[in-house]
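Colleague: My questions are about this predicted structure, shown below with the sequence.
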Amino acid sequence: SGHRRRIANAYRRAGIGLMGATANSAHHLYVMRSNRRDSLRKALAAEGIQTGIHYPAPLHRQPGLRRRASFAAIPSVSEVASGEVLSLPGGPHISEGDAEYIAERIRMALG
């Protein structure tokens with residue numbers, strides 16, 4: 001939707017790189033990566049900003065795929081990513097100004 005695209009653009013303009021965001025993206029989630037995810041998440045929570053971790057385990061560790069996983073080098077990459085992904089607030093209740101404020105708080109928390 002137009003609203004979701006505007007929120008994604010607000011995050012990007014404020015310097016937050018969103019994973020998987022393309023010109024044709026539906027922007028279902030606003031996901032960033034940080035190797036300091038857990039401390040960032042705590043800092044944002046202290047500011048009243050709720051975040052999520054939508055994909056806490058990589059595919060090769062999901063119960064339904066464990067026996068079928070035939071990945072070679074991918075698990076090490078996906079293990080790292082699963083510890084870094086953080087879903088930022090989005091949806092109809094978030095304004096562009098809110099996204100800019102959240103981005104500012106992220107930059108402050110990461111130094």
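Modeller: Yep, that arrived. Computed from a prediction, not measured in an experiment: that's the story for all the values here.
Colleague: Which strands or helices does the longest helix belonging to the chain pack on?
Modeller: Assignment by DSSP state H gives helix 96-110 as the longest helix of the chain. Packing partners of helix 96-110 (3 or more CB pairs under 8 Å, 6 or more residues apart in numbering; DSSP states H and E): helix 2-13, helix 37-46, strand 85-88. All C-beta spots, glycine's among them, are computed from the backbone N, C-alpha and C.
Colleague: can we see that at 7 Å?
Modeller: When contacts are defined as 3 or more CB pairs under 7 Å, 6 or more residues apart in numbering; DSSP states H and E, helix 96-110 packs onto helix 2-13, helix 37-46.
Colleague: shaky segments in this protein?
Modeller: 66-75 (pLDDT under 70).
Colleague: Can you list the buried residues in the longest helix of the chain?
Modeller: Buried residues in helix 96-110, counted by 16 or more other CB atoms under 10 Å: 99, 100, 101, 102, 103, 105, 106, 109.
Colleague: what's the answer for stretch 25-38, then?
Modeller: Of the residues in stretch 25-38, 27, 29, 30, 31, 32, 34, 37 count as buried by neighbour count, 16+ other CB under 10 Å.
Colleague: since we're on the closest residue to residue 65 other than its chain neighbours, how many residues are nearby?
Modeller: Of all residues not flanking residue 65 in the chain, residue 59 sits nearest, at 5.5 Å (CB to CB, 6 or more residues apart in numbering). For residue 59, the count of nearby residues is 16 (other CB atoms under 10 Å).
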